[in-house]
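K.L.:
fold the following.
(one chain, ligands or ions: 2)
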Amino acid sequence: MAESPAFLSAQDEGSFAYLTVKDRLPQILTKAIDTLHRHRSEFFEKHGQEGMEAEKKAISLLSKLRNEVQTDKPIIRLADKWVDTDIWNQYLEHEQSLLDESDGEPHWFFSPWLFVECYMYRRIHEAVIQSPPIHDFDVFKESKDENFFESQESIDALCMHLEQLKPARDLHKDQLKDELFKLLQISLWGNKCDLSLSGGKSSSQKTDVMNSLEGLKPFILINDTESLWALLSKYKKTAKPPVVRVDIVLDNSGFELITDLVLSDFLLSSELATEIHFHGKSIPWFVSDVTVRDFNWILEHVRSSSQKSMATCGADWENHVKMGRWIYHDHIFWTLPHPYCEMPQVAPDLYAELQKAHLILFKGDLNYRKLMSDRKWEFTIPFHQALCGFHPAPLCSIRTLKCELQVGLQPGEAERLMASDPHWLTTGKYGIFQFDGPL
Ligand SMILES: O=P(O)(O)OC[C@@]1(O)O[C@H](CO)[C@@H](O)[C@@H]1O
Ligand SMILES: [Mn+2]
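P.N.:
Ligands and ions are numbered 1, 2, ... in the order given. Down below sits the predicted model:
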């Protein structure tokens, strides 16, 4: 088999990976330090002098981390006692074993971008858990919650639309397909609301995304939604619908999570699926990614909204969880640095769990990078080949493009896009539905 291409890394000066490590990661760390600083009176009220000391310790640990990034220091072992500490330190040893004498140690502007970026978020977690009694503080919670509050109008419009569709099982087949495609597109464009790309600056959904779908269609570079329809409607035809399980590997909280919950509610109401499994992160991750606290917080805030449609949806969603139709998982693998092709070896239990799904939707750019091992594949290489054997079930990436990585394009397409928009790969302006079907 042909040699796999090199990993994206900050070795390539001027690349998006380079600009991320040089500019955006320090910016994200500065914002985290500022958030801790602005909460010091809360820490004092809650924990007294101990809380103040803890805030100072966390800030000093994050400042040290920021200095390591900015001065390209070696990547160092984790010193905390967390469930995944040993796995991380083994991964670091593996990275070290790949280097020649002359390369020295793994370091920020040399090692694979996927590794160093994931490592930075894991070091943020280390800094917080080593600072009791503020050890369970989420430095990104404020911006995730703000994204929800600032997107209220769009969220209410979306819930109203969903309410008008229900009970979706009575929809005529053509309308059912049309509505599914609309909600898939809304879930796709919800992925633009990503705080790590914006470096933590607000990225809430202020416009009514439903009325902009037609205008956004030209920006969908790969659209395999017909394959999703064929797969899901096939099950619907069965006389006694068996269990039809759809897994969603979540990305960002706030508006994007709402679009994923609306899609999930529709999948159940239309009987295109009978259960939805959500996969979130076990620690705060890439600024806006969903943790179980975010998931429950969003359900609770939608249910308790003063807007009738939101309150009705929120009550339905909490009921789906209560009745076991919506199941939330947060395996530690999703916050490790490994590409997904290594899941069978690193997390066989998770791989076996995903094999129970009839369809897996991977939301967002980081999931795409991990599906593709964050390598510099040719734009025209087939998606299935770049997955390097990862295929627990039929799967689809639903992502807006925010890094210099895309496969499965037609010859000449990347060149055409580059000519018309030099930043087509990294602004989130373009999106894909890329499907790897039944084997
Ligand atoms: O997974 P998401 O939320 O769609 O995007 C993650 C992201 O913001 O982080 C990396 C850059 O820091 C890129 O993969 C992408 O820009
Ligand atoms: Mn994200």
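
K.L.:
C-alpha from now on. contacts and neighbour counts both.
P.N.:
Fine.

K.L.:
top helix in this protein by residue count?
P.N.:
For the chain, the helix reaching the highest residue count under DSSP state H is reported as helix 49-70.

K.L.:
what mean pLDDT does that one have?
P.N.:
In this model, helix 49-70 carries a mean pLDDT of 98.

K.L.:
cool, and stretch 181-190?
P.N.:
Averaging pLDDT along stretch 181-190 gives 97.

K.L.:
quick one on the thing from earlier: so, in contact with ligand 1 or not, the longest helix of the chain?
P.N.:
No. Counting by C-alpha under 6 Å from any ligand atom, ligand 1 has no neighbours in helix 49-70; the shortest distance is 13.9 Å.

K.L.:
can you check stretch 254-267 too?
P.N.:
No. Stretch 254-267 stays clear of ligand 1 (C-alpha under 6 Å from any ligand atom), getting no nearer than 9.5 Å.

K.L.:
and the contacts of that stretch?
P.N.:
144-148, 151, 155, 158-159, 162, 166, 168, 180, 183-184, 186-187, 190-193, 204-205, 250-251, 273-274, 276, 288, 290, 298, 317 (C-alpha atoms under 8 Å, 6 or more residues apart in numbering).

K.L.:
taking these one by one, which sit in helices?
P.N.:
Among those, the members falling in helices are 144-148, 155, 158-159, 162, 180, 183-184, 186-187, 190, 298, 317 (criterion: DSSP H).

K.L.:
for PyMOL, write the selection for the buried entries among those.
P.N.:
The buried residues among these can be selected in PyMOL (16 or more other C-alpha atoms under 10 Å) with this line:
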select buried, resi 144+145+147+148+155+158+159+162+180+183+184+186+187+190+298+317
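
K.L.:
would you map the helices across the stretch 1-150 of the chain?
P.N.:
For the stretch 1-150 of the chain, the helices defined by DSSP state H, counting those that start in this stretch cover 16-19, 25-38, 40-47, 49-70, 85-97, 113-129, 141-150.

K.L.:
residues of the third one that come out buried?
P.N.:
The reference is to helix 40-47. Buried residues in helix 40-47, counted by 16+ other C-alpha under 10 Å: Arg40, Phe43, Phe44, His47.

K.L.:
which residue is the nearest non-sequential neighbour of the third one?
P.N.:
Here the nearest residue to Phe44 in space, its sequence neighbours aside, is Gly51; by C-alpha to C-alpha, 6 or more residues apart in numbering that works out to 5.3 Å.

K.L.:
neighbours around the one you found, how many?
P.N.:
Neighbouring residues of Gly51 were enumerated by other C-alpha atoms under 10 Å; the total is 21.

K.L.:
so what's it up against?
P.N.:
Taking C-alpha under 8 Å, 6+ apart as the definition, contacts of Gly51 comprise Arg40, Phe43, Phe44, Pro132, Pro133, Ile134.

K.L.:
what's the closest of those to ligand 1?
P.N.:
Set against ligand 1, the nearest of the contacts of Gly51 by C-alpha to the nearest ligand atom is Ile134 (25.8 Å).

K.L.:
the closest one is in contact with Glu42, isn't it?
P.N.:
No. Counting by C-alpha atoms under 8 Å, Ile134 does not reach Glu42; the two are 10.5 Å apart.

K.L.:
so where's this protein shaky on pLDDT?
P.N.:
1-2, 194-195, 197, 199-200, 205, 207, 239-241 (pLDDT under 70).

K.L.:
so which residues on it come close to ligand 1?
P.N.:
Checking the chain against ligand 1 by C-alpha under 6 Å from any ligand atom, the hits are 20, 191, 194, 196-197, 251-252, 364-367, 402-403.

K.L.:
among those, which lie within strands?
P.N.:
Applying DSSP state E to the residues of the chain next to ligand 1, no entry is found in strands.

K.L.:
export these to TSV and tack on distance to ligand 2 and neighbour count?
P.N.:
Listed next are the residues of the chain next to ligand 1 as TSV, based on distance: C-alpha to the ion, whole Å; neighbours: other C-alpha atoms under 10 Å:
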residue	distance to ligand 2	neighbour count
Thr20	14	21
Asn191	8	25
Asp194	6	31
Ser196	7	20
Leu197	8	23
Asp251	5	27
Asn252	5	29
Gly364	6	30
Asp365	7	25
Leu366	6	19
Asn367	8	21
Lys402	10	25
Cys403	12	23
